[in-house]
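Chemist: Provided below for reference: sequence and predicted model.
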Amino acid sequence: MASNDSHPIVIVGGGIAGLATSRALRQRGVDSLVLERSAQAADGGLAINLPGNAIAALRRLGLTDAIERLGHPVRKREYRTGSDRLLAAIDEDAFWGETMRPRAVRRADLMAMLGSGLPASAVRFGATITAIQQDAAAVQVSLTGGESVSGRLLVGADGVRSTVREMTMGSQGATTARLASASWRFMAPNPGGIDGWTLWTGEHGMILLLPVDDATVYGWVSVRSTGVSGNDHRHLGDAFRGFPERVRKALNWALAHPEDVYHSPIEEVRLTSWTKDRVILIGDAAHATAPVWAEGAALAMEDALALAAIVAESDDVTAIGRRFEHARRDRVAHVQAMTDRLSKAARLPHALRTLLMPFITPRSYRATYEPLKQFQAS
């Protein structure tokens, strides 16, 4: 016989957005249940760059000590050509200040931080959704095995390929990002001399190296060619053959360990609405963007804080979604617009892009991040 389990708030997705939402709600005395389809806690990927507003969100989530202990400081950004000529440099310490200093962190550590302190009963693993139904009193989520879970609100925090979005909002799905169609990610020993966020751009692609500790870098690669197989690592080696030795050293190490190179499409989500009655989408499920400004995790954690504040002070469930969208739309739209602007520049012919980057990059950086220094929960 099917059983029904009732909770005030049901969250689908045990990643950054879902765990942050559960944590933010708990800070305000609101219980929730996270449904995660994986059988156990996932590491969530390799590593992530957290700009200053992400650090501020972690502080509001009570994780100041944790991120300062586990996050590697990112004090500067450099944009370089394939021949290693410096095109632009950003002093991130000066821009953000000490309390909002950007940091790089392993995703597994970030996930563990967000989940720390949550009771074991707050997250249910191996929970696959089969249906979502709403009525005037509650929203009910059916799971494999005949079980169902209900709550007064359902939060879809299940990422760019959101099942909740598909089940409640129909055909509005993910689209290929303008930046590039796909990317590859890896971790490698620091080849020497990589002491900040550093991006090299060439005629055939771009590669980012970011230290996550004193001995390890996180690498992100995209190429301009279309139709490249995710397993075609030879193509990656060819695209960056003339790049500086330190770049090739890190990439060659990764290519020698192909089992640790991860390929993924670069997708975006642009929706006219993030809510439908008692269902609210947050994070990448609502507004995934290309990783131009590394704002995915930051926006997801801000979503969580904003939604928790609204839930805690609202007796009218039907108004929560509308208030949440009002609180978050402008900020997300700003990041999307700035992502589009830099993605467009990244697709210019190589010679023109190289000529323009010293001028447009520092200006775009300031224009993107200056409005993000301030945050209102609701």
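Modeler: Cool, the structure landed. Residues are numbered from 1 along each chain as shown.

Chemist: in its sheet, which strands sit next to the helix or strand bottoming out on mean pLDDT in the chain, and in what direction?
Modeler: Ranking every helix and strand in the chain by mean pLDDT, DSSP states H and E puts strand 175-176 at the bottom, with a mean of 78. Counting by DSSP bridges, the strands paired with strand 175-176 are strand 267-268 (antiparallel).

Chemist: any regions of the stretch 151-300 of the chain where pLDDT drops low?
Modeler: 171, 178, 225-232 (pLDDT under 70).

Chemist: just the strands in it please.
Modeler: Using DSSP state E, counting those that start in this stretch, the strands of the stretch 151-300 of the chain run over residues 175-176, 182-189, 197-201, 205-211, 216-223, 262-265, 267-268, 275-276, 279-281.

Chemist: please enumerate residues in contact with the least confident helix or strand of the chain?
Modeler: Pro265, Ile266, Glu267, Glu268, Val269, Arg270 (Cβ atoms under 8 Å, 6 or more residues apart in numbering). In short, each C-beta sits where N, CA and C put it, glycine included.

Chemist: number of nearby residues for Leu352?
Modeler: The number of residues packed near Leu352 is 10, by other Cβ atoms under 10 Å.

Chemist: quick one: contacts for Val30?
Modeler: Pro8, Ile9, Ala308, Val311, Ala312 are the contacts of Val30 under Cβ under 8 Å, 6+ apart.

Chemist: for the contacts of strand 175-176, give me JSON lines that also has distance to Asn252 and neighbour count.
Modeler: Output for the contacts of strand 175-176, formatted as JSON lines (distance: Cβ to Cβ, whole Å; neighbours: other Cβ atoms under 10 Å):
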{"residue": "Pro265", "distance to Asn252": "25", "neighbour count": "14"}
{"residue": "Ile266", "distance to Asn252": "24", "neighbour count": "21"}
{"residue": "Glu267", "distance to Asn252": "28", "neighbour count": "19"}
{"residue": "Glu268", "distance to Asn252": "31", "neighbour count": "20"}
{"residue": "Val269", "distance to Asn252": "35", "neighbour count": "23"}
{"residue": "Arg270", "distance to Asn252": "37", "neighbour count": "14"}
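
Chemist: out of those residues, flag the one nearest to Tyr218.
Modeler: Of all those, Ile266 has the smallest distance to Tyr218: 16.3 Å, by Cβ to Cβ.

Chemist: quick check: that closest one touching Val292?
Modeler: No - contact between Ile266 and Val292 fails when scored by Cβ atoms under 8 Å: they sit 9.8 Å apart.
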